[in-house]
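A.B. asks: Generate a structure from the sequence data that follows.
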Amino acid sequence: MNNREMLYRGLSCAAWGYFFLNFNFNLGKINLLPRFVGFLFFLCAINSLFKERDNLLLLRPICFFFAVYHAVDWALSFIGKGLELQILFLDLLIVAAQLYFHFQFLTDIAALARLCPEDGEKFASRLRHCRTIYTLLSTAIALTAMVPALIRADYGKTYSSTQKDILALLAVLEGVTVVVIIVTLFGLKRRFQRGKWEGEI
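C.D. replies: All right, here's what the predicted structure looks like:
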């Protein structure tokens, strides 16, 4: 597989990774779009793109961890359980790791977008903006879920109606941002297909 084919494959996998990670289709308690599949797509993207952006290799261990973590969580859902840690320190570590992963992953993809011979800088700028918005929204969701419950000393037990409304709004905004990311990644792939990209002979 040549560099061009690896590039197309990597961008497609990145787009599908964000799709599986952020959209749910439940049958009872079973998610038919499991999150671990999203991280498997991210692993595929990293393996396809690291020759162009070797920084992506630093994300592979984190990506593998989350693939296993969410696979176990999905498997437990068949018996009505899940990996709900409800331990603040561990939850904070997981949130921080996810924020780091997506920030760095989209940073590297944006840098790669600049190689595109057609509208490369436009795609790179859009991905950087989406990266920042996605990170801020994910942080806001985590804080909204954790902080009020800690103040009430019932972390992991209940959400107030105000919390639920805020979380729903943030989730919608995050979903819109993810759609833009996915559309941008597929659009970037099509642009690369139209002509030579920097570094190709």
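
A.B. asks: quick one: low-confidence ranges for this protein?
C.D. replies: Counting by pLDDT under 70, the chain has low-confidence residues at 1-2, 82-89, 148-159, 194-201.

A.B. asks: quick one, helices of it?
C.D. replies: 3-22, 35-49, 60-76, 88-113, 120-151, 161-194 (DSSP state H).

A.B. asks: Let me have the ones you listed in TSV, extended by mean neighbour count.
C.D. replies: Just so you know, the C-beta spots here come from the backbone N, C-alpha and C atoms, and that holds for glycine as well. TSV is the format used below for those (neighbours: other CB atoms under 10 Å):
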stretch	mean neighbour count
helix 3-22	20
helix 35-49	22
helix 60-76	16
helix 88-113	17
helix 120-151	17
helix 161-194	16
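
A.B. asks: Just send the ones you listed back as TSV, with distance to Gly28 too.
C.D. replies: Converted to TSV, those look like this (distance: least, CB to CB, whole Å):
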stretch	distance to Gly28
helix 3-22	19
helix 35-49	17
helix 60-76	13
helix 88-113	25
helix 120-151	24
helix 161-194	21
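
A.B. asks: Out of those, flag the one nearest Lys29.
C.D. replies: helix 60-76 (10.0 Å; CB to CB).

A.B. asks: Give me the angle between the closest one and helix 35-49.
C.D. replies: On the basis of axes from the mean of the first three to the mean of the last three CA atoms, to 10 degrees, helix 60-76 is oriented at 160 degrees to helix 35-49.

A.B. asks: from the chain's centre, how far out does helix 60-76 sit?
C.D. replies: Relative to the chain's own centre, helix 60-76 is displaced by 13 Å; criterion: CA atoms, centre = their mean, to the nearest Å.

A.B. asks: Give the other helices and strands that that helix contacts.
C.D. replies: helix 35-49, helix 88-113 (3 or more CB pairs under 8 Å, 6 or more residues apart in numbering; DSSP states H and E).

A.B. asks: out of these, nearest to Ser138?
C.D. replies: The nearest among these, by CB to CB, is helix 88-113 at 5.9 Å.

A.B. asks: Run the chain-centre distance for the closest one.
C.D. replies: Distance, centroid of helix 88-113 to centroid of chain: 8 Å (CA atoms, centre = their mean).

A.B. asks: Give me the angle between that helix and helix 120-151.
C.D. replies: Here the directions of helix 88-113 and helix 120-151 differ by 170 degrees (the same axes, to 10 degrees).

A.B. asks: If you count contacts, what does helix 88-113 end up packed against?
C.D. replies: Partner elements for helix 88-113 (3+ CB pairs under 8 Å, 6+ apart): helix 3-22, helix 35-49, helix 60-76, helix 120-151, helix 161-194.

A.B. asks: Adding distance to Phe101, write the ones you listed out as a markdown table.
C.D. replies: Converted to a markdown table, these look like this (distance: least, CB to CB, whole Å):
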| stretch | distance to Phe101 |
| --- | --- |
| helix 3-22 | 10 |
| helix 35-49 | 8 |
| helix 60-76 | 5 |
| helix 120-151 | 10 |
| helix 161-194 | 14 |
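
A.B. asks: Out of these, which is closest to Leu92?
C.D. replies: Nearest of these (CB to CB): helix 120-151, 7.8 Å.
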